[in-house]
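In: Pasting the sequence and the predicted coordinates here, then a few questions.
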Number of protein chains: 2
Amino acid sequence: MKHLIIDDAMRLLPNWQEAFPEVGVVSRQQAMHDEPQVNAMYWLRLGVEEFPAQVISSLPQPGKLVVLADEPREVNVLESLTAGALGCCNTHAAPEVLRQVEIVVGNGGLWVGQSLLQQVLVSTSRVLESKARDLPGEDWKSQLSEREVGVARLVAAGESNKEIAAELAITERTVKAHLTAIFDKLQVRDRLQLSLRVNGLKL
Amino acid sequence: MKHLIIDDAMRLLPNWQEAFPEVGVVSRQQAMHDEPQVNAMYWLRLGVEEFPAQVISSLPQPGKLVVLADEPREVNVLESLTAGALGCCNTHAAPEVLRQVEIVVGNGGLWVGQSLLQQVLVSTSRVLESKARDLPGEDWKSQLSEREVGVARLVAAGESNKEIAAELAITERTVKAHLTAIFDKLQVRDRLQLSLRVNGLKL
DNA sequence: GTGGCTATTGCACCAAAGTACAACCCAAGA
DNA sequence: TCTTGGGTTGTACTTTGGTGCAATAGCCAC
């Protein structure tokens, strides 16, 4: 695996050389004009105030791209991944970490740092916990028929009965019938509470 | 790093031996009674219908534990992590993947599969993005009066107008008045969409 | 076939949600 | 003082949501 750092200042940090002795450096201009190499991994160094999505979208899509940020904030990490990067880590990460990233990304995985992962887990904990309560089959889905699950999802997305009816090509009356059944099975009283349940915010 | 598989059937799959030639196998009974080895990594093989949390909690807490599931579903992965495991992957994963897991977990990381990670990221991205938008004060709260924020919160929690009225010691009519104002300011059409907005699930 | 489950729909009805128009009180400012 | 904005409420109205009762139809298992 060949490694290429994309950095306008053409800097080459010691931790990089230690991790990948044969690492190369190119400017963004070069990266933009050269044809992307399939067997290479690109490491894009971002400035502190830059927006990952903008920079990434201005580059041609190489096979494997990892973003290097001086002060990676969670938002940036997400933005990077959304824009197509396969990972995002600290510019000054230890060589072992860099090699770890290489392995994971090289095998088709996504790499995110532990801190982000924990943050993600924390901020999703409500959802996750409710999902985890799946165990005894207390999942909302398990108690509903296939059709009912579909209706419940649309309701939870904020659609009206009329809209749902149109979308599913059935009568509004039928939608109501499904809802009545759902309310009964899930022991909720109206569509809003159903929404909270489906979105994992309650019970 | 020493590797030990915990499997009552004492099976030893080829992919395991390929990944870790010196891998050993013990039953759950043994694992339960032997004192846990600090420098070892434990790989717990789970049956299809078993609940990770139950099994894990029945074992002594070894330093590093990874769960192996035949058909890992997201829920199981989450449950495993919650119960203290550092990762969860497919029993029949390729040797490269297994070594990858070893590296990440060995370095103090958590390992989750790509599919789960994407799921988690998807379900969190909305929340984080809305958090990111916090900065410029584009928060839903900023557009509402103090009283309206209170009403919006209760609505988002699933309460009815009548309940909100009782709770705030005002008339149901007043609640409606506030809601009409809120809908207008936030450009949503009903209480459910307001709920989605307040709970950071939409827009 | 028969019974049970799901999906579908109609009609009628009630309750809750939401709107339109208007009024009153009160506090903070110009 | 007069104005402005938030909070409050009333009457009357429309719309949407939700239920009860009932009917039809397809599918699957016993």
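Out: Cool, the structure landed.

In: And the residue sitting furthest away from the middle of chain A, which helix or strand is it part of?
Out: For chain A, the largest distance from the centre (C-alpha atoms, centre = their mean) belongs to residue A:173, which lies 37.9 Å off. When secondary structure is defined by DSSP states H and E, residue A:173 falls within helix A:172-186.

In: Check residue A:42 too.
Out: Here residue A:42 sits within strand A:40-46, counting by DSSP H and E.

In: Past the lowest-mean-pLDDT helix or strand in chain A, which element shows up next along the chain?
Out: In chain A, the helix or strand scored least confidently by mean pLDDT, DSSP states H and E is helix A:114-132, which has a mean of 50. Secondary structure here is assigned by DSSP H and E; on that basis, the next helix or strand after helix A:114-132 toward the C-terminus is helix A:146-156.

In: and chain A, which of its residues are near DNA strand C?
Out: Remark: the part of chain A in contact with DNA strand C comprises A:145-148, A:168, A:170-171, A:173-174, A:177-178, A:181, A:190, using C-beta under 7 Å from any atom of the strand. Placement of C-beta: from N, CA and C, glycine included.

In: one more time with 10 Å, if that's ok
Out: For chain A, the residues in contact with DNA strand C under the definition C-beta under 10 Å from any atom of the strand are A:143-151, A:160, A:165, A:168-178, A:180-182, A:185, A:189-192.

In: what kind of secondary structure is residue A:71 in?
Out: Secondary structure of residue A:71, reduced to three states by DSSP: H, G, I helix; E, B strand; the rest coil: coil.

In: I'd like the distance between it and DNA strand D.
Out: Taking C-beta to the nearest atom of the strand, to the nearest Å as the criterion, residue A:71 is separated from DNA strand D by 38 Å.

In: list the contacts for the residue lying closest to that residue once chain neighbours are set aside?
Out: With C-beta to C-beta, 6 or more residues apart in numbering or on different chains as the criterion, residue A:71 has its nearest non-adjacent residue at 6.0 Å, and that residue is residue A:48. Residues touching residue A:48, when contacts are defined by C-beta atoms under 8 Å, 6 or more residues apart in numbering or on different chains, comprise A:69-71.

In: how long is stretch A:48-63 end to end?
Out: One end of stretch A:48-63 to the other measures 25 Å (C-alpha to C-alpha, to the nearest Å).

In: Quick check: mean pLDDT of that stretch?
Out: Rounded to a whole number, the mean pLDDT of stretch A:48-63 is 77.

In: any idea how chain A splits into domains?
Out: By the record's domain assignment, chain A is partitioned as A:2-119, A:133-198 (automatic domain parsing).

In: lowest-confidence stretch among those?
Out: domain A:2-119 (a mean of 81).

In: do you know how far the residue found closest to residue A:106 once you drop the neighbours it is linked to in the chain is from residue A:56?
Out: With sequence-adjacent residues excluded and distances taken as C-beta to C-beta, 6+ apart, residue A:106 is closest to residue A:1, at 5.8 Å. When distance is defined by C-beta to C-beta, to the nearest Å, residue A:1 is 20 Å away from residue A:56.

In: swap in residue A:16?
Out: Going from residue A:16 to residue A:56 by C-beta to C-beta gives 20 Å.

In: okay, those two: which has more neighbours?
Out: The residue with more neighbours, out of residue A:16 and residue A:56, is residue A:16; 23 against 20, by other C-beta atoms under 10 Å in any protein chain shown.

In: Burial check on residue A:21, number of neighbours?
Out: A count of neighbours around residue A:21, defined by other C-beta under 10 Å, yields 8.

In: May I ask you to confirm that it belongs to a strand?
Out: No. If the criterion is three-state DSSP, then residue A:21 is coil and not within a strand.
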